[in-house]
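# coords please:
(2 chains)
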Amino acid sequence: MNIELLTLSEVENVKGEQGNFTVTIKKNPRYVDEDKCIACGLCAEKCPKKVPDEYNEGLNKRKAAYIKYGQTVPLKYAIDPNNCIYLNKGKCGVCAKICPTGAINYDMKPELVDINVGAVVLAPGFKPYSPKGVDYYGYDEIADVITSLEYERYLSASGPTIGHIARPSDGGEPKKIAWIQCVGSRNTNCAKNGYCSSVCCMYSIKQAVMTGSHLSSDDNEQVIFYMDIRTVGKEYERYYESSKKQGVSYIKARPHTLLAGPDGVGVTMTYTTEDGTQNDEYFDMVVLSIGLEAPADAMVLADKFGFDLTQYNFAKTDSFAPVSTTRDGVFVTGAFHSPKAIPKSVIYASSAAAEVEAVLSESKNTLTKEKTWPVEMDISAADPKVGVFVCSCGSNIAGVIDVKDVAAYAATLPGVEYVENNMFTCSTDTQDLIAEKIRDNGLNRVVIAACTPRTHEPLFQETLQGVGLNKYMIEMANIRNQNSWVHPNEPEKATAKAKDQVRMAVAKVMGNYPLDDVEVNVTARALVVGGGFAGMNAALGLANNGYETVLLEKSDSLGGVAVDLYETWKGELVKPGLDAVISEVENHDLIRIFTDSTLKSVTGSVGSFFGEIARGEDVENLEFGACVLATGGHGYTPNEYLYGQDARVVTALDFDKMLANDQDKATKAGSTVFIQCVGSRDDQRPYCSRVCCAGSVVNAVLLKKSNPDMDVYVLNRDIRTYGEREDVYKEARDLGVMFISYTPETKPEVVNLGDDIVVRVTDPISGFPLEITTDRVVLATAIIPNDTSSFVDMFKCGVNADGFLSEAHPKLRPVDSTVDGLFLAGLCHYPKPINEAVAQGKAAASRASVVLSKKTMKLDAIKSHVTQNCDGCALCVDVCPYNALTLVEFEEGGKIHKRIKTDKALCKGCGICAATCPKEGIVVDGFTQSQLKAQVDAILERV
Amino acid sequence: MSDNFEPTIIGFLCNWCAYAGGDLAGVSRFEYPTNMRAVRVMCSGMVHPDLVVDSLKKGADGVIVMG
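Next up is the predicted model:
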């Protein structure tokens, strides 16, 4: 209700400044009236004009009247003006004739609208790199060379082949498929893209792993040709390792010649492995793992809004304000910020929301709308009176199902008082009609036989609320999505099924009872645990949005692990950036800082937590509505490579300290060897620590620049300088830093030979052992999360096998913990560099603000509910995944009894308790055992 | 069993995955036999074993719990 969606729109002009922009938007015509379109799809079905379907990469056709894909938002059809016959030739008009709601309007014109906004967020996405015109990949000539996006569509159930992989040349099923990485990324020859696209390694591994399940035969093979595998995200390294066990092979090579196979089927590929062997190998298909480029209109946007771009046309930002463009009040998220996958896009989006909240905090809630409802009527004493409304959905339902027959049948069902068939039950006038019928006939239960409750139940619930009927007195019979649309050729059976569905819904709704949405009071105060970059930014985000924030730090000062860092990969010194944040936090009126303090206990749940903060002997009670955990991490202390035995062997954090405090000591050495993956990517810590490659490479560049005579080596397993960090890697090579790769089987050795330290490693190309005499060895040690067990115990939040706190959903909710009202930021979630920690800190603030922004929070009423049958056996307590159940004792008739109690704020209504209970002692409102049984009985009535 | 035997199958569909998949099958116009009757549940975990046994006892030919 508070989001206005402008589709087919583009920015024409921008005036004003932060706090008061006027943005002129050009709204291009849809040629379909959004208010009238009911997405029945008839226009697309009858449209005679077929054009390549860009959603499926042109692998199949769509019509000129179309929706982009099944889950399009808004789900409204559009007419493609470049291809519509009527719009181009003035003839045809079939869609206008066929449209049952008269939604087609060929006379729509582009409109210019001015909107007044205080801040702007840019999320224009990316442009996939096109390998067209690059001869050595053969994309233009060889049918079976396709892009990874095309392959993705082949794998998709909504793709052109419904998930079957078909070799484009002859439609046959491929057995052997190769992926070529870094196509259009890390390439300044045929593309001008020096950066790494960050996402392609992972998507290619995913595609390779999934391929097996899309092929009919087990006799298949997937090979990935790569330069470095960059699985730097959470759980990615595990996925990579498990893909090898599942049979995906990896070859470190850049194939240079691709030719069509015999008879134009398949591909013959030539590549040279690291040992110099040249191979010619046949593959049925070759997938080009294409990179991400800045959006096509990046320069236009930058020009209109007046901000700077990087050399690759991504938005320019700095590490300490990662979503702020160089123009005040204009923020950026998604791949336009830098190439990124879904989790980071979501984090940066929430981070941008936090920045906008800070800009708009003075005028907060001045434009928000809220609905009000009439007082609810009491129906507790009334007999059930059911109204059934059967929707024709134009011809979507009525074209298959005999809706009149279904309506007539519904009238015969017990409890049914009123029945009507509507052309479009969801239309505004029908809502008014339903309201009128409820009033006139004294209906206290409603069944809507139409589409799916997943999209439409909230609409009908509002109609009930509008006449003072409890919104849970409704059931829907899904006779469209799960009937007429899937049984178009069996009208009789579909009609019989629809009658069953209506009978089931009526049987269920008879057992419905009014439910109240759970309302929890919200304490508008936040607790942030951890005073590092992530925690401080979370606190600032919250405080700048107007919320009182308590920042808890267990050590005696703020700063966290960043205190030891020297510079970012962009060359910004960390100390000034950190000092600025510390000072801002310390001087903020709304932030209270507790150092030397820990969180001793927590009770309560989202909206109202109660905590005890311990500072030495003192304990202070604190009420808070939401909490951000930013408990940080620390470096691994190695017991290998002579660390602790020879002072010349230091960790990366030691080395950063040396750079900050005694740079000469670092730069005056004759030689420095960096060893990567010390304590990462091994059996004990099978994850990549994400930041160490860029960290070592940046320092190697610094050494080479200050002392060009120094020999600098980086011993590595893969160099994982993702994103634009790749530029630093290239700079290092240009400066003469030597990169030598090793494997877990050929780990380097560090030995002390009297005055010298010698590093022994095998040269991967010649296979010869190398001995490097050096003055210093820098170990890029793993990042280990600080102990979070007390938080896991107190909040009952999830934690992964490596000790990192778990997010509610790895892609879609990367900042929310598994517990409502608890959010995560920084190293406690996963290793990350400063800019990402800052972004996640701000994102957590924004997510927490959603909770804090209201005095009370409404949660839906579908929750577990303890009945009189409960005898306190407590079987359900252990199975509850949300710790929402407790066993309580009470006195009745002089006896002590036990019974289960539900915490409705924690309960998610999953009903595992109900399925475990042997006596219906606990049920889920809206889905009680009796209601489910009633539906089963209704189904089987006719058997 | 006659050739035109039409089994009655009761499906318990989790609202968040299987039921959503059923809706998407509709949007995608995938056709499948009409025999299943779907009971929407908020989690396949809420399907009590008694419900399954009851369904079979009362004459269902099959029960499918999807989640």
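# which single residue in chain B comes nearest to chain A?
residue B:46 (2.6 Å; C-beta to the nearest C-beta). Just so you know, the C-beta spots here come from the backbone N, C-alpha and C atoms, and that holds for glycine as well.
# quick check: closest non-adjacent residue to residue A:811.
residue A:342 (4.5 Å; C-beta to C-beta, 6 or more residues apart in numbering or on different chains).
# and for residue 19, the neighbour number?
Answering for chain A, as no chain was given. 14 (other C-beta atoms under 10 Å in any protein chain shown).
# oops, wrong one, chain B.
Neighbours of residue B:19 (other C-beta under 10 Å): 26.
# just to revisit the earlier point, burial measure for the residue nearest to residue A:811, as a count.
Using other C-beta under 10 Å: residue A:342 sits among 13 other residues.
# contacting residues around stretch A:407-415?
Counting contacts by C-beta atoms under 8 Å, 6 or more residues apart in numbering or on different chains, the residues outside stretch A:407-415 that touch it are A:384-386, A:388, A:390, A:416, A:419-421, A:445, A:447, A:449, A:499, A:502-503, A:506, A:510.
# buried residues, it. List them.
For stretch A:407-415, a neighbour-count test (16 or more other C-beta atoms under 10 Å in any protein chain shown) marks A:407, A:409, A:410, A:413 as buried.
# which strand or helix spans the first one?
Using DSSP states H and E, residue A:407 maps to helix A:403-411.
# tell me the SS of residue A:338?
coil (DSSP: H, G, I helix; E, B strand; the rest coil).
# quick check: it touching residue A:314?
Yes - in this structure residue A:338 lies within contact range of residue A:314 using C-beta atoms under 8 Å: 5.2 Å.
# the more surrounded of those two?
Taking other C-beta under 10 Å, residue A:338 and residue A:314 do not tie; residue A:338 has more neighbours (27 against 23).
# how about the contacts made by the more buried one?
By C-beta under 8 Å, 6+ apart, the contact list for residue A:338 reads A:195, A:198, A:314, A:723, A:724.
# how about residue A:274?
A:252, A:253, A:764, A:765.
# circling back: next structured bit after the helix holding residue A:407?
Following helix A:403-411 toward the C-terminus (DSSP H and E): strand A:416-422.
# residue A:804 against residue A:234, yeah?
Yes - between residue A:804 and residue A:234 a contact is recorded at 6.9 Å, counting by C-beta under 8 Å.
# overlap of the contact sets of the two?
Residues touching both residue A:804 and residue A:234 (C-beta under 8 Å, 6+ apart): A:829, A:830.
# ok, back up a step: identify those among the contacts of stretch A:407-415 that sit within strands.
A:386, A:388, A:390, A:416, A:419, A:420, A:421, A:445, A:447, A:449 (DSSP state E).
# next, the angle strand A:445-450 makes with the helix holding residue A:407.
Note on geometry: by axes from the mean of the first three to the mean of the last three C-alpha atoms, to 10 degrees, helix A:403-411 and strand A:445-450 are set 160 degrees apart in direction.
# run the chain-centre distance for helix A:403-411.
Centre-to-centre, helix A:403-411 and its host chain are 44 Å apart (C-alpha atoms, centre = their mean, to the nearest Å).
# what do you get for stretch B:36-48?
Distance, centroid of stretch B:36-48 to centroid of chain: 8 Å (C-alpha atoms, centre = their mean).
# please apply the same query to stretch A:635-645.
Relative to its parent chain, stretch A:635-645 has a centroid offset of 37 Å by C-alpha atoms, centre = their mean.
# could you list the buried residues of it?
A:635, A:636, A:638, A:641, A:642, A:643.
# can you tell me the element residue 6 falls in?
I went with chain A, as the question did not name one. Short version, using DSSP H and E: residue A:6 is in no helix or strand.
# tell me the bridge partners for the residue positioned nearest the centre of chain B.
When chain B is reduced to its mean C-alpha position, the closest residue under C-alpha atoms, centre = their mean turns out to be residue B:11, at 1.3 Å. Following DSSP bridges, residue B:11 is listed with bridge partners residue B:38, residue B:64.
# check contacts around it.
Applying C-beta under 8 Å, 6+ apart, the residues contacting residue B:11 are B:18, B:36, B:37, B:38, B:39, B:63, B:64, B:65, B:66.
# what about whatever residue of the stretch 401-550 of chain A ends up closest to chain B, how many neighbours?
Nearest to chain B, among the residues of the stretch 401-550 of chain A, is residue A:481, at 3.2 Å (C-beta to the nearest C-beta). As a burial measure, residue A:481 scores 23 neighbours (other C-beta under 10 Å).
# and for residue A:350?
Applying other C-beta under 10 Å, we find 27 residues neighbouring residue A:350.
# what do you get for residue A:670?
12.
# isn't it up against residue A:775?
Yes - Residue A:670 is within contact range of residue A:775, at 5.3 Å (criterion: C-beta under 8 Å).
# ok so, going back, dump the buried residues of stretch A:407-415 to TSV, plus distance to residue B:59 and pLDDT.
Shown next, in TSV, are the buried residues of stretch A:407-415 (distance: C-beta to C-beta, whole Å; pLDDT from 0 to 100):
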residue	distance to residue B:59	pLDDT
A:407	27	98
A:409	21	97
A:410	23	98
A:413	20	97
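# now for those residues: which two are most distant?
By the measure C-beta to C-beta, A:407 and A:413 form the most distant pair in those, at 11.1 Å.
# who's in contact with residue A:899?
By C-beta under 8 Å, 6+ apart, the neighbours of residue A:899 are A:866, A:870, A:871, A:872, A:887, A:888, A:890.
# wait, what's in contact with the residue in chain A that chain B sits nearest to?
Proximity of chain A to chain B (C-beta to the nearest C-beta) peaks at residue A:911, 2.6 Å away. Residue A:911 sits next to A:864, A:923, A:924, A:927, B:41, B:42, B:43, B:45, B:46 when contact means C-beta under 8 Å, 6+ apart.
# try residue A:879
Contacts of residue A:879 (C-beta under 8 Å, 6+ apart): A:912, A:913, A:916.
# thinking the second one is in contact with residue A:880, fair?
Yes - the pair residue A:913 and residue A:880 qualifies as a contact (C-beta under 8 Å) at a distance of 5.8 Å.
# residue A:286: which element?
Here residue A:286 is assigned to strand A:285-290, by DSSP H and E.
# for that strand, output the C-alpha coordinates as PDB.
Presented in PDB, the C-alpha positions along strand A:285-290 are these (Å, rounded to 0.1, in the frame of the first residue of the first chain):
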ATOM      1  CA  MET A 285      27.800 -28.700 -25.800                       C
ATOM      2  CA  VAL A 286      30.000 -25.800 -24.700                       C
ATOM      3  CA  VAL A 287      28.600 -23.200 -22.300                       C
ATOM      4  CA  LEU A 288      30.300 -19.800 -22.200                       C
ATOM      5  CA  SER A 289      30.100 -18.500 -18.600                       C
ATOM      6  CA  ILE A 290      29.500 -14.900 -19.500                       C
END
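# contact partners of the helix or strand following it?
Sequence-wise, the next helix or strand downstream of strand A:285-290 (DSSP H and E) is strand A:292-293. Residues outside strand A:292-293 that contact it (C-beta under 8 Å, 6+ apart): A:126-129, A:184-185, A:193, A:197-199, A:312-313, A:335, A:339.
# I'd guessed residue A:488 sits against residue B:29; true?
Yes - contact criterion C-beta under 8 Å: residue A:488 and residue B:29 qualify, at 7.4 Å.
# shared neighbours of those two, anything?
What both residue A:488 and residue B:29 touch, as defined by C-beta under 8 Å, 6+ apart, is an empty set.
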